[in-house]
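J.: just the structure for this:
(one chain, ligands or ions: 2)
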Amino acid sequence: MANRKEKTFRFIIVGGGIAGVTCVEQLSSQIPSADVALITASPHIKTVTNYRQVSKTLEEFDVEEQPSSVLEEKFPNLTVIHSAVKSLHTRSHSLETTDGRVFGYEKLCICGGGRPKLLTQENPYVLGIRDTDSAQELQKRLSKAKRIVVVGNGGIALELVYEVEGCEVIWAVKDKAIGNTFFDAGAAQFLIPSLETNKPEKDTPCKRPRYTTEEPAPGGSHTFTADRNARRQGSSSTEAGSALGPDWHEGIVLQGSEQGTRRVSLEYQCEVEKIFTSEELLNSPPQTLGHENGSWPVYIKLTNGKTFGCDFVVSATGVVPNTEPFLHGNNFALADDGGLQVDDHMMTSEPDVYAAGDVCTACWEHSPMWQQMRLWTQARQMGWYAGRCMAAQVLSEPIELDFCFELFSHITKFFNYKVVLLGKFNGQGLGSDHELLVRCTKGLEYVKVVLSGGRMVGAVLIGETDLEETFENLILNEMDLTPYGEELLNPNIDIEDYFD
Ligand SMILES: Cc1cc2nc3c(=O)[nH]c(=O)nc-3n(C[C@H](O)[C@H](O)[C@H](O)COP(=O)(O)OP(=O)(O)OC[C@H]3O[C@@H](n4cnc5c(N)ncnc54)[C@H](O)[C@@H]3O)c2cc1C
Ligand SMILES: NC(=O)c1ccc[n+]([C@@H]2O[C@H](COP(=O)([O-])OP(=O)(O)OC[C@H]3O[C@@H](n4cnc5c(N)ncnc54)[C@H](O)[C@@H]3O)[C@@H](O)[C@H]2O)c1
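T.: Ligands and ions are numbered 1, 2, ... in the order given. Modelled structure (predicted):
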């Protein structure tokens, strides 16, 4: 490295997202005298506000973008450096930023997050959503759009197709049902009517002790149209805000160029074959257009043979860890998903280098009820725990894997329903060695329990079920539930009293 070290810090944290900021807060509170630097490429930092511990492992909070001065005022020994890390030299314990400065560290934590795994990087009509800028770009482009195509079947796609109004949405999913990263086909079936209306239909609980689903035919499609006024009546009013947080879409207007209804057409079990610009289309065989006219700026051909013209494509196809600047010349072990492998102390394979949040992959032997998903909650938990591990090492204190990694838990909202996911909520990794109990009341709630060897190992709770704490306890206690059988989901039994 040509440049000399400007300063050596005891701790450097890279990344001003939830993982990095939480790590800084934890370290600075535990060792207030330590010199800490936060190096971040973004002008603002993300902080957790209104934190609420819902149960032993479930937590809820808001995410706010704030100026970094807020953090510096709180922690006098903290220096925030607004620049991107260009290269890391683990042997000399130093890193270089894009503005040519070099900083030394005793301990480093990489919290560089992830970036959208776009269908293609080169096409200006293909958008990804990650931060405030990309959300604002989406809002701007949407305001002039008549039709968009959303590709992907995870969190962003679920939120987007529900929120967009005044613009036709073609939603292309690889799977047989919607929301494959969070739900199975049964939950998807429960949610689908919300695309047409938000009015809850009052039915009596229908207990479905064994699980059955009706799947769309391969390559099948469905169109859902919602009445905007009906939807407004059903939804509670929300204040607009500028921060991209768990309710990121509530801070921006996702309104297309037309007034009125929401219209979502679902294309199941298909992927993207090709994306054409209108110029490229001129040079392709005439049948490529299908029933489309040639006046859209971009066209997308799906593997089910259909071609759609649209104003732009949203690629909601997951994230890739932001590892590039840190790899060259170093010897990091990478996981299959491209993340920096970390052990049960959030340490990477390089000495004195830790990692947390979306950039890392948890490679310790997980608790049977936990799995990594790239979520705000886990970014916060990992950042917090990485800070504790770094401090513990410096202070020569022992530390054990935190309890939050015992049980996977996530609380969120999809299609205006509260959604709680616990443990192996989709029977992940259980093969055929599990059974499901399902209770479903159309428009009101969907409760699914995953049982293995008579014990509850996971649950999906959609709606105001109020079951999260009891089910969390049943999973953590590993209680044999065989004697209760299907009574477990009997709506006429107050399950809390049952297990008191
Ligand atoms: C639209 C959207 C909605 C979401 N909704 C939810 C939700 O409802 N619930 C939920 O739990 N999760 C949600 N997520 C996931 C959640 O945002 C992420 O899991 C979480 O933000 C990851 O935090 P992080 O700190 O690891 O990374 P990030 O928030 O990505 O932060 C990374 C930071 O590192 C900085 N950085 C990157 N490279 C460098 C470099 N070379 N040098 C210096 N700095 C660098 C970046 O500028 C940034 O400040 C959503 C994600 C998106 C995109
Ligand atoms: N409420 C929430 O909890 C929430 C909301 C939004 C986003 N998030 C998180 O933000 C991150 C980004 O969200 P996301 O929706 O992009 O990712 P995701 O991982 O949730 O979903 C990605 C989806 O894209 C599909 N996919 C991948 N490659 C594809 C391809 N080539 N063609 C078609 N489909 C493809 C996958 O099957 C999957 O359905 C994720 O970590 C997600 O968990 C969470």
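
J.: any idea what the closest residue to ligand 1 within the stretch 401-500 of the chain is bridged to?
T.: Residue of the stretch 401-500 of the chain nearest ligand 1, by Cβ to the nearest ligand atom: Thr412 (5.1 Å). Backbone N, C-alpha and C define where each C-beta goes, glycine included. Beta bridges link Thr412 to Val419, judged by DSSP bridges.

J.: pretty sure it contacts Val419?
T.: Yes: the pair Thr412 / Val419 is scored as a contact, 5.2 Å apart, by Cβ atoms under 8 Å.

J.: between the two, which has more neighbouring residues?
T.: Using other Cβ atoms under 10 Å, the more surrounded residue of Thr412 and Val419 is Val419, with 22 against 19.

J.: list the contacts of that one.
T.: Going by Cβ atoms under 8 Å, 6 or more residues apart in numbering, Val419 touches Phe182, His410, Ile411, Thr412, Lys413, Val460, Leu461, Ile462.

J.: name the nearest of these relative to ligand 2.
T.: When those are compared against ligand 2 (criterion: Cβ to the nearest ligand atom), the nearest one is Thr412, at 3.7 Å.

J.: for the chain, which helix is longest?
T.: Ranked by residue count, the top helix of the chain under DSSP state H comes out as helix 376-394.

J.: name the helices or strands packed onto it?
T.: Applying 3 or more Cβ pairs under 8 Å, 6 or more residues apart in numbering; DSSP states H and E, we find helix 376-394 packed against helix 18-30, strand 59-67, strand 102-110, strand 353-355.

J.: could you confirm Ser257 falls within a helix?
T.: No: Ser257: not assigned to a helix; according to DSSP: H, G, I helix; E, B strand; the rest coil it is coil.

J.: around it, how many other residues sit close by?
T.: 13.

J.: and for Arg374?
T.: A count of neighbours around Arg374, defined by other Cβ under 10 Å, yields 22.

J.: in contact with it, which residues?
T.: Residues near Arg374 by Cβ under 8 Å, 6+ apart: Gly114, Val319, Asp358.

J.: from the residues you listed, pick the one nearest ligand 2.
T.: Sorting the contacts of Arg374 by how near they are to ligand 2, with Cβ to the nearest ligand atom, puts Val319 at the top with 4.9 Å.

J.: from the contacts of Arg374, which are also near ligand 1?
T.: Gly114, Asp358 (Cβ under 6 Å from any ligand atom).

J.: mind listing what's buried in the longest helix of the chain?
T.: 376-391, 394 (16 or more other Cβ atoms under 10 Å).

J.: for ligand 1, what's the nearest residue on the stretch 301-450 of the chain?
T.: Closest to ligand 1 within the stretch 301-450 of the chain is Gly357: 2.2 Å, counting by Cβ to the nearest ligand atom.

J.: how about that residue, nearest residue that isn't a chain neighbour?
T.: Closest residue to Gly357 apart from its sequence neighbours, by Cβ to Cβ, 6 or more residues apart in numbering: Ala19 at 2.7 Å.

J.: burial count for the one you found?
T.: Residues within reach of Ala19, counting by other Cβ under 10 Å, total 33.

J.: who touches the residue nearest the centre of the chain in this structure?
T.: Residue closest to the mean C-alpha point of the chain, counted by Cα atoms, centre = their mean, is Leu375 at 4.3 Å. By Cβ under 8 Å, 6+ apart, Leu375 lies in contact with His410.

J.: give me the distance between it and Ser367.
T.: 17 Å (Cβ to Cβ, to the nearest Å).

J.: tell me the pLDDT at the residue nearest to Val319 when sequence neighbours are not counted?
T.: Here the nearest residue to Val319 in space, its sequence neighbours aside, is Gly114; by Cβ to Cβ, 6+ apart that works out to 3.5 Å. pLDDT, Gly114: 94.

J.: what's the answer for Gln189, then?
T.: For Gln189, the pLDDT comes out at 93.

J.: which SSE is it in?
T.: helix 185-191 (DSSP states H and E).

J.: now that helix: buried residues?
T.: For helix 185-191, burial by neighbour count (16+ other Cβ under 10 Å) applies to Ala185, Gly186, Ala187, Ala188, Gln189, Phe190, Leu191.

J.: setting the sequence-adjacent residues aside, check what's closest to the last one.
T.: Spelled out, that is Leu191. Per Cβ to Cβ, 6+ apart, closest to Leu191 is Phe415, 5.0 Å.

J.: could you check how far Pro362 is from Phe61?
T.: Quick fix: residue 362 is Ala, not Pro. For Ala362, the distance to Phe61 - Cβ to Cβ - is 21 Å.

J.: got a list of what the nearest residue to Gly318 once chain neighbours are set aside touches?
T.: Among residues not flanking Gly318 along the chain, Lys117 sits closest, at 4.6 Å (Cβ to Cβ, 6+ apart). Lys117 makes contact with Ser315, Thr317, Gly318, Val319, Val320, according to Cβ under 8 Å, 6+ apart.

J.: show me the helices in the stretch 201-350 of the chain, by range?
T.: Assigned by DSSP state H, counting those that start in this stretch, the stretch 201-350 of the chain shows helices spanning 228-234, 278-282, 324-327.

J.: touching ligand 1 at all, the last one?
T.: So that's helix 324-327. Yes: residues of helix 324-327 contacting ligand 1 under Cβ under 6 Å from any ligand atom: Pro325.

J.: so for that helix, mean pLDDT?
T.: Across helix 324-327, the per-residue pLDDT values average to 97.

J.: understood, closing this out.
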